[in-house]
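K.L.:
Return a 3D structure for these sequence lines:
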Amino acid sequence: MHVGDSGVATVTMVRADKHNALDQAMFQGLVDAAERVADDKSVRAVVLHGGGKSFCSGLDVASFMAGSGGSNRLLNRDETRIANFAQRVSYDWSLVPAPVIAAIHGNCFGGGLQIALGADIRIAAPDAKLSIMEIKWGLVPDMGITHTLPKLLPIDVAKELTFTGRIVSGSEAFELGLVTRTDDDPLSAALALADEIANKSPDAIRAAKRLYNETWTSNDPAAALVLESELQTGLLGSPNQLAAVAAGMSGEKPVFTDPA
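P.N.:
Numbers count the residues shown, from 1 in each chain. Okay, the predicted model is just below:
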């Protein structure tokens, strides 16, 4: 993980020889990285990507079959958390206060796709390959997909992709709503977007992420409207909000402080 001067954190999956397939070390590394960026008040945006030829090709089945009790550990749930260990590599990105952008290239299969779904925004190469691939192994997707996919796809489309495990291109994924947009260089596009976000008020950005995360699929409009008001009240008159107003009036670049 690297945090630049602008407050953009870059999290890179580094197991290029295996297309960043998920073994125990990769699971632990992703969980640790999500915790680190969540706790770092200087982080204003996060870019998540894979080194080498792929974003993440999914579970390293051979690695877990050769190990002892590894698959059982993935299903372990800390009683203080709602997500089990495997689900945390997707779900924990929603706990990061700053926006998370996934840059997808090459293979993005199974658990890899569920990691990307945990991000707030997904930018994919047009020729990237994405699949809800668990059916190939006689399994259901179980790394937080029920928390993420309902916000993106109609249930019939989700079922078709899950029942067949078929591979879709980045372009088709965009048409379906599985990714936000496509770009020939998704990493550069993600970094540029992250830099743009990092230059906005971090208080307002964090509040907006919380607002949508907590209300988007809620069936309680009254609570959603109350949260809008509560978050806005906290922003009004705050130093970063006043800095945004001053910059908007003067045309000068605002200078924001990181959250306390």
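
K.L.:
Return the residues in contact with residue 104.
P.N.:
With contact taken as C-beta atoms under 8 Å, 6 or more residues apart in numbering, residue 104 is in contact with 49, 55, 116, 122-125, 128, 130, 170, 179, 186. From N, CA and C alone the C-beta is placed, and that goes for glycine too.

K.L.:
how does it look with 6 Å?
P.N.:
55, 116, 124, 128, 186 (C-beta atoms under 6 Å, 6 or more residues apart in numbering).

K.L.:
cool, residue 55 as well?
P.N.:
Residue 55 neighbours (C-beta under 6 Å, 6+ apart): 104-105, 108, 112.

K.L.:
Just checking, which helix or strand of this protein averages the lowest pLDDT?
P.N.:
helix 70-74 (a mean of 65; mean pLDDT, DSSP states H and E).

K.L.:
Now the element after it, going C-ward?
P.N.:
On the C-terminal side of helix 70-74, the closest following helix or strand by DSSP states H and E is helix 85-91.

K.L.:
what's that next one packed up against?
P.N.:
Packing partners of helix 85-91 (3 or more C-beta pairs under 6 Å, 6 or more residues apart in numbering; DSSP states H and E): helix 24-39, helix 111-117.

K.L.:
same thing but 10 Å
P.N.:
Secondary structure elements in contact with helix 85-91, counted by 3 or more C-beta pairs under 10 Å, 6 or more residues apart in numbering; DSSP states H and E, are helix 24-39, helix 70-74, helix 111-117, helix 145-148.

K.L.:
Would you convert those helices into CSV that also reports distance to residue 244 and mean neighbour count?
P.N.:
As requested, the helices and strands packed on helix 85-91 are exported to CSV (distance: least, C-beta to C-beta, whole Å; neighbours: other C-beta atoms under 10 Å):
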stretch, distance to residue 244, mean neighbour count
helix 24-39, 23, 18
helix 70-74, 43, 15
helix 111-117, 31, 29
helix 145-148, 30, 18
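
K.L.:
To residue 193, which of these lies closest?
P.N.:
Among these, helix 111-117 comes nearest to residue 193, with 15.0 Å by C-beta to C-beta.

K.L.:
and the closest one, how far out from the chain's middle?
P.N.:
Centre-to-centre, helix 111-117 and its host chain are 8 Å apart (C-alpha atoms, centre = their mean, to the nearest Å).

K.L.:
got the CA positions of the helix or strand following it in CSV?
P.N.:
Next in sequence after helix 111-117, counting helices and strands by DSSP H and E, comes strand 121-124. Once non-C-alpha atoms are left out, strand 121-124 reads as follows in CSV (Å, rounded to 0.1, in the frame of the first residue of the first chain):
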residue,chain,number,x,y,z
ILE,A,121,-16.6,2.7,-8.3
ARG,A,122,-15.2,0.2,-10.9
ILE,A,123,-13.3,1.2,-14.0
ALA,A,124,-12.6,-1.7,-16.3
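
K.L.:
Which strands border strand 121-124, and is each parallel or antiparallel?
P.N.:
Strand 121-124 has its sheet partners listed here by DSSP bridges as strand 100-104 (parallel), strand 181-182 (parallel).

K.L.:
Point out the most buried one among these.
P.N.:
For these, the largest average neighbour count (mean count of other C-beta atoms under 10 Å) is found in strand 100-104, namely a mean of 29.

K.L.:
Let me know the average pLDDT across whichever helix or strand comes after that strand.
P.N.:
Heading C-terminal from strand 100-104, the first helix or strand you meet, by DSSP H and E, is strand 107-109. For strand 107-109, mean pLDDT rounds to 98.

K.L.:
Hmm, residue 111 and residue 58 touching each other?
P.N.:
Yes - Residue 58 is in contact with residue 111 according to C-beta atoms under 10 Å; the separation is 4.8 Å.

K.L.:
Which neighbours do the two have in common?
P.N.:
Contact with both residue 58 and residue 111 is made by residues 21-22, 133-134, 143, according to C-beta atoms under 10 Å, 6 or more residues apart in numbering.
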